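Q: sequence-free structure coming up:
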């Protein structure tokens, strides 16, 4: 695992290994290091599929496993996962949204806790 990404919890899936440059349907939840849940204001990803669930706490979307579609910590964090699996990761700011943050959602230099569930391959 890359320095700056720590696996906090890993529930193995029973599907095929996740492959780079392939699309997967995923559920994402994020928290700031202080425990505040990140709330999604709008879905992102492939617009025909992306939606927000759980009153903004969960993003369901389709993502291509590459550095263009995922922030670095998520990209490195899904390495070795199997479809159907869930991981909870601690991602350092330099592998997340860095000093830019996400206006109104994620402050600059935020340490993130990210839960990613690989639902299936698209």
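A: Nice, I can see it. All figures in this text were calculated on a predicted structure; none of them were measured in a lab.

Q: from now on I want contacts and neighbour counts done on CA atoms only, so please keep to that.
A: Fine.

Q: packing partners for the lowest-mean-pLDDT helix or strand in the chain?
A: Across the helices and strands of the chain, mean confidence by mean pLDDT, DSSP states H and E is lowest for strand 51-53: a mean of 88. If you count contacts as 3 or more CA pairs under 8 Å, 6 or more residues apart in numbering; DSSP states H and E, strand 51-53 packs onto strand 58-64.

Q: need the residues that contact the next helix or strand after the strand it packs on.
A: Sequence order places helix 72-77 as the next helix or strand after strand 58-64, per DSSP states H and E. Contact with helix 72-77 is made by 1-2, 4-7, 65-67, 87, 89, 91-92, 95-96, 114, as judged by CA atoms under 8 Å, 6 or more residues apart in numbering.

Q: shaky segments in the protein?
A: Scanning the chain for pLDDT under 70 picks out 46-47.

Q: cutoff 80 now
A: 1, 43-48 (pLDDT under 80).

Q: in it, which spans are strands?
A: With DSSP state E, the ranges of strands along the chain come out as 5-11, 23-32, 51-53, 58-64, 86-91, 112-121.

Q: and the closest residue to residue 40 other than its chain neighbours, how many neighbours?
A: Among residues not flanking residue 40 along the chain, residue 56 sits closest, at 4.9 Å (CA to CA, 6 or more residues apart in numbering). Residue 56: 16 surrounding residues under other CA atoms under 10 Å.

Q: residue contacts, residue 56?
A: Here residue 56 is in contact with 39, 40, 41 (criterion: CA under 8 Å, 6+ apart).

Q: switch the cut-off to 10 Å
A: 29, 37, 38, 39, 40, 41, 42, 43 (CA atoms under 10 Å, 6 or more residues apart in numbering).

Q: separate out the buried members of those.
A: By neighbour count, with 16 or more other CA atoms under 10 Å, the contacts of residue 56 hold 29, 37, 38, 39, 40, 43 as buried.

Q: JSON lines for these, including distance to residue 19?
A: Shown next, in JSON lines, are the buried ones among the contacts of residue 56 (distance: CA to CA, whole Å):
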{"residue": "29", "distance to residue 19": "21"}
{"residue": "37", "distance to residue 19": "29"}
{"residue": "38", "distance to residue 19": "27"}
{"residue": "39", "distance to residue 19": "28"}
{"residue": "40", "distance to residue 19": "26"}
{"residue": "43", "distance to residue 19": "24"}
